[in-house]
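Visitor: Any chance you could fold what I've pasted below:
(chains A, B and C)
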Amino acid sequence: MGVFHTGPEWNAYSPEQAAEKARTGPPMTLRLHDGGLATVVGDARNGKKSLDIDERQKLYALRKWQARSRISEPSDGTLTTGLSELTKMAATLGLPRAANDTASILYRRAIKKRLIRGRSVTNMIAAAIYMSCRQCGVPRTLDEIATLAMVDKKVLGRSFRFLFHSLEQFVPPSAPRTYAAKFANRLNLSGKAEGMAIRILEKAHEMRLTSGRGPAGIAAASTYIATVLTNERKTQREIAEIANVTEVTIRNRYKELLQKLMIEVPL
DNA sequence: AAGACGAAAGTGGTTGA
DNA sequence: TCAACAACTTTCGTCTT
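Guide: Here you go, the predicted model:
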């Protein structure tokens, strides 16, 4: 089965990294509400030292007309403020460009379909961002986004599901391996340990051990196993903290994985 | 003393009659 | 609309290192 990798070729596991890795600068197309398509009419001095009054007035009128036309349709105002709020939110979440752009597209489509009527703009934006993260394989949980965007988790979940159903959009469930990579990074594990955690996850996936389980829990468990096997031991508590699951959950997944995958751990 | 283990009861969300 | 259900949490007592 082909899974499209629509995300960036790099991953950001923290806001700082995203800032480092993101290639910024023009063209900013999707983030400007008119896609940067509008021709900007310069001011009246434009090259020449002076223009006669007639030309000046023509240019002035043109500029005025154009300024108005850029924010013309009634829905366009919410689009503009929405997109700038979206970009702000994406920045505090440390999202890579691709995720930001994808979220913009989703938000635009939501507006076109009149889905934001009577709903909280902030919430719909957060939902679009969450959706885009899953689409781009960026490891951000619903909780993380809810916390950082300062919206209620329950409402965000509802908004997301609403978007998910309304825009008929293919959104893969978030893959545990992206979380494993994130955890390994935050725990300063070696590449060897990280690779091992990911291999464990792939094995687990083959054996259908992952469906129905929270991705973060499984990823945390395989990360824990990897630290034991490579002698880079971290406590369950440390990992639990980073993964935002409890030690008990790690233990439960860990027990299953050891048993089903027949991994031997040193005593 | 700190970490790992696991039983038992509780929480919030999904599902299906 | 409600009850059953699964995943996960909280709490806490007991082993292990």
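Visitor: out of everything not next to it in sequence, what's closest to A:Arg119?
Guide: The spatial neighbour of A:Arg119 that comes closest, neighbours along the chain excluded (CB to CB, 6 or more residues apart in numbering), is A:Ser159 at 7.1 Å. All C-beta atoms are positioned from the backbone trio N, CA, C, and that covers glycine.
Visitor: Let me see the contact set for the closest residue in space to A:Lys113 that isn't next to it in sequence.
Guide: Among residues not flanking A:Lys113 along the chain, A:Ser166 sits closest, at 6.3 Å (CB to CB, 6+ apart). Remark: with contacts taken as CB atoms under 8 Å, 6 or more residues apart in numbering, A:Ser166 is in contact with A:110, A:113, A:115.
Visitor: and the closest residue to DNA strand C within the stretch 101-250 of chain A, backbone torsions?
Guide: Using CB to the nearest atom of the strand, A:Gly214 is the residue of the stretch 101-250 of chain A that sits closest to DNA strand C, at 2.4 Å. Phi and psi for A:Gly214, reported as degrees, to the nearest 10, are phi -70, psi 130.
Visitor: could you measure it against DNA strand B, distance?
Guide: According to CB to the nearest atom of the strand, to the nearest Å, A:Gly214 stands 11 Å off from DNA strand B.
Visitor: Now do that residue against A:Ala184, distance only.
Guide: Relative to A:Ala184, A:Gly214 is positioned 18 Å away (criterion: CB to CB, to the nearest Å).
Visitor: next one: A:Leu142
Guide: 22 Å.
Visitor: before we move on, what about A:Leu86?
Guide: A:Leu86 sits 30 Å away from A:Ala184, going by CB to CB.
Visitor: Show me which of these two is the more surrounded one.
Guide: A:Ala184 (27 against 24; other CB atoms under 10 Å).
Visitor: Verify the stated contact: the more buried one with A:Met196.
Guide: No. Applying CB atoms under 8 Å, one finds A:Ala184 not in contact with A:Met196, separated by 9.4 Å.
Visitor: any shared contact partners between these two?
Guide: Common neighbours of A:Ala184 and A:Met196, using CB under 8 Å, 6+ apart, are A:Ala226.
Visitor: picking up where we left off before, so the residue nearest to A:Arg119: helix, strand or coil?
Guide: With DSSP: H, G, I helix; E, B strand; the rest coil as the basis, the three-state label of A:Ser159 is helix.
Visitor: A:Ala220 too?
Guide: Classification of A:Ala220 using three-state DSSP returns helix.
Visitor: measure the residue lying closest to it once chain neighbours are set aside to A:Ile105 for me?
Guide: Nearest residue to A:Ala220 in three dimensions, chain neighbours excluded: A:Ala243, at 3.7 Å (CB to CB, 6+ apart). In this view, A:Ala243 and A:Ile105 are 30 Å apart by CB to CB.
Visitor: Of those two, which one has the most company?
Guide: A side-by-side neighbour count of A:Ala243 and A:Ile105, using other CB under 10 Å, places A:Ala243 first with 27 against 15.
Visitor: Can you tell me how far that one is from A:Thr223?
Guide: 8 Å.
Visitor: shared neighbours of the two, anything?
Guide: A:Phe183.
Visitor: just to revisit the earlier point, what residues are up against the residue nearest to A:Ala220?
Guide: Counting by CB under 8 Å, 6+ apart, A:Ala243 touches A:179, A:183, A:216-217, A:219-220, A:223, A:250.
Visitor: what pLDDT does it get?
Guide: Per-residue confidence (pLDDT) for A:Ala243: 93.
Visitor: and the helix or strand hosting A:Phe162, is it in reach of DNA strand B?
Guide: Counting by DSSP states H and E, the element that carries A:Phe162 is helix A:153-166. Yes. With CB under 7 Å from any atom of the strand as the criterion, DNA strand B is reached by helix A:153-166 at A:153-154, A:157, A:161.
Visitor: Go through those and name the one nearest DNA strand B.
Guide: Among the residues of helix A:153-166 next to DNA strand B, and counting by CB to the nearest atom of the strand, the member closest to DNA strand B is A:Lys154, at 4.0 Å.
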